[in-house]
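K.L.:
no sequence for this one, just the structure:
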């Protein structure tokens, strides 16, 4: 069998042409998944001097990485995620240092609105739980302060929870920048290259895609909603559900909002862009076809999303929706990601971010790169181990 080292990068960094089926390409690390977490891992590994191959079954950033609301938040994070969200936010504030582009990142307040006293009490309890963990970024605000910040909020809203210093970015610009940076560092990106077979022997991973074979001491599963299938090929059973999470955007309306808004007790993610358009989401689901990668929108769910927006901002009843879309995301049973070592030596998982992984992508890739290059990480990732789902995860 012919074996050769990783070739020099193509001009565009994307390799689509086939090789002889008997030819094996060797690299220092192979990554399955061309979303933001796979790209981030590739960038950090390449910065550490490793030769990296990245395999994407479709197009780079095709699903959750580009089809999301672009939130960069600490507000409302699961408690184990807060240290990672804080570290990621610091990287977002200097994201140009990582990818030579600002990714459309803008600092803005994140606010969760309480519509009644019960909701406000729940937010106060949430804020206290965060303080008990040693973090103080979430602050409860009263009705008057809320009205100052959100003058168009419905009159029944009684307060909220705010985080200053969070923000949002442009998902498409971010995927483009991460991809471009990875290519500039010599990462070999193979699109339309689904992984078909994975074996591990003699401390080496052998990975077979549609037309290529690769061999590497390190393999990273960053396959998003398809991460469970890649884990199965690696010999592990990790539960994950594919969801088609929808978003919609309106025509341009007069600016009335500068922050990002959610609601206690309602599924809502809401923000207005500089051009006046309003983006609405909140994990409302369409249907996902895992075989084709296609999604189908659910008009009833979109209508529910619109009603939630109108409940908080009554002026939205006059806004016209111009477009809606969905991306496929992987959701774990406890809505926490899978981050860390696989069962086999040299294997790693980085997927299952359950609709809140966009903001964590700069730190997720760094963690995996640390585990590979330094054999350890300073970030607390024990809660994200795949082993939490089963005492025996072999298949």
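P.N.:
Yes, it's here. Quick caveat: nothing in here was measured; it's all calculated off a predicted structure.
K.L.:
all helices for the stretch 201-350 of the chain, in order.
P.N.:
227-233, 299-312 (DSSP state H, counting those that start in this stretch).
K.L.:
from those helices, which stretch is densest packed?
P.N.:
Among these, ranked by average contacts under mean count of other Cβ atoms under 10 Å, first place goes to helix 227-233 (a mean of 22). In short, each C-beta sits where N, CA and C put it, glycine included.
K.L.:
give me the contact list for it.
P.N.:
32-33, 195, 197-198, 221, 223, 237-240, 330, 338, 342, 349, 351-352, 386, 395 (Cβ atoms under 8 Å, 6 or more residues apart in numbering).
K.L.:
6 Å - rerun?
P.N.:
For helix 227-233, contacts defined as Cβ atoms under 6 Å, 6 or more residues apart in numbering pick out 32, 198, 221, 223, 238, 240, 330, 351-352, 395.
K.L.:
how about stretch 131-140?
P.N.:
Counting by Cβ under 6 Å, 6+ apart, 74, 79, 82, 123-124, 127, 130, 161-163 sit against stretch 131-140.
K.L.:
and the residues you listed as a markdown table, adding neighbour count, secondary structure and pLDDT?
P.N.:
What follows is those, written out as a markdown table (neighbours: other Cβ atoms under 10 Å; DSSP: H, G, I helix; E, B strand; the rest coil; pLDDT from 0 to 100):
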| residue | neighbour count | secondary structure | pLDDT |
| --- | --- | --- | --- |
| 74 | 21 | coil | 96 |
| 79 | 13 | helix | 97 |
| 82 | 18 | helix | 98 |
| 123 | 21 | helix | 98 |
| 124 | 14 | helix | 98 |
| 127 | 18 | helix | 97 |
| 130 | 21 | helix | 97 |
| 161 | 26 | strand | 98 |
| 162 | 23 | strand | 98 |
| 163 | 24 | strand | 97 |
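K.L.:
now those as a markdown table including distance to residue 171?
P.N.:
Shown next, in a markdown table, are the contacts of stretch 131-140 (distance: Cβ to Cβ, whole Å):
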| residue | distance to residue 171 |
| --- | --- |
| 74 | 19 |
| 79 | 26 |
| 82 | 22 |
| 123 | 28 |
| 124 | 32 |
| 127 | 29 |
| 130 | 27 |
| 161 | 25 |
| 162 | 24 |
| 163 | 20 |
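K.L.:
and which of the residues you listed is nearest residue 254?
P.N.:
residue 162 (23.5 Å; Cβ to Cβ).
K.L.:
so that closest one makes contact with residue 141?
P.N.:
Yes - assessed by Cβ atoms under 6 Å, residue 162 is found in contact with residue 141 at 5.3 Å.
K.L.:
average model confidence for stretch 386-395?
P.N.:
Summarised as a single mean, pLDDT over stretch 386-395 is 70.
K.L.:
ok, stretch 251-271 next?
P.N.:
pLDDT averaged over stretch 251-271 gives 95.
K.L.:
please, which helix or strand holds the closest residue to residue 28 other than its chain neighbours?
P.N.:
Excluding its sequence neighbours, the residue lying closest to residue 28 (Cβ to Cβ, 6 or more residues apart in numbering) is residue 50, at 3.9 Å. Assigned by DSSP states H and E, residue 50 falls within no helix or strand.
K.L.:
can you count the residues close to residue 50?
P.N.:
22 (other Cβ atoms under 10 Å).
K.L.:
and for the one 4 residues further on?
P.N.:
A count of nearby residues for residue 54, using other Cβ under 10 Å, gives 32.
K.L.:
against residue 327, how distant is it?
P.N.:
19 Å (Cβ to Cβ, to the nearest Å).
K.L.:
and the contacts of stretch 35-55?
P.N.:
Outside stretch 35-55, the residues touching it (Cβ under 6 Å, 6+ apart) are 6, 27-32, 34, 61, 65, 178-179, 181-182, 185, 187-190, 193, 195, 209, 214, 220, 222, 224, 350, 361-362, 364-366, 368-369, 373.
K.L.:
so which of those belong to strands?
P.N.:
Mapping those onto strands (DSSP state E) picks out 29-32, 188-190, 195, 209, 214, 220, 350.
K.L.:
Throw the helices of the stretch 201-350 of the chain into CSV and include mean pLDDT and distance to residue 280, thanks.
P.N.:
Compiled in CSV, the helices of the stretch 201-350 of the chain are given as follows (pLDDT from 0 to 100; distance: least, Cβ to Cβ, whole Å):
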stretch, mean pLDDT, distance to residue 280
helix 227-233, 97, 27
helix 299-312, 97, 5
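K.L.:
let's have the ones you listed in JSON lines, adding distance to residue 137.
P.N.:
Output for those, formatted as JSON lines (distance: least, Cβ to Cβ, whole Å):
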{"stretch": "helix 227-233", "distance to residue 137": "29"}
{"stretch": "helix 299-312", "distance to residue 137": "22"}
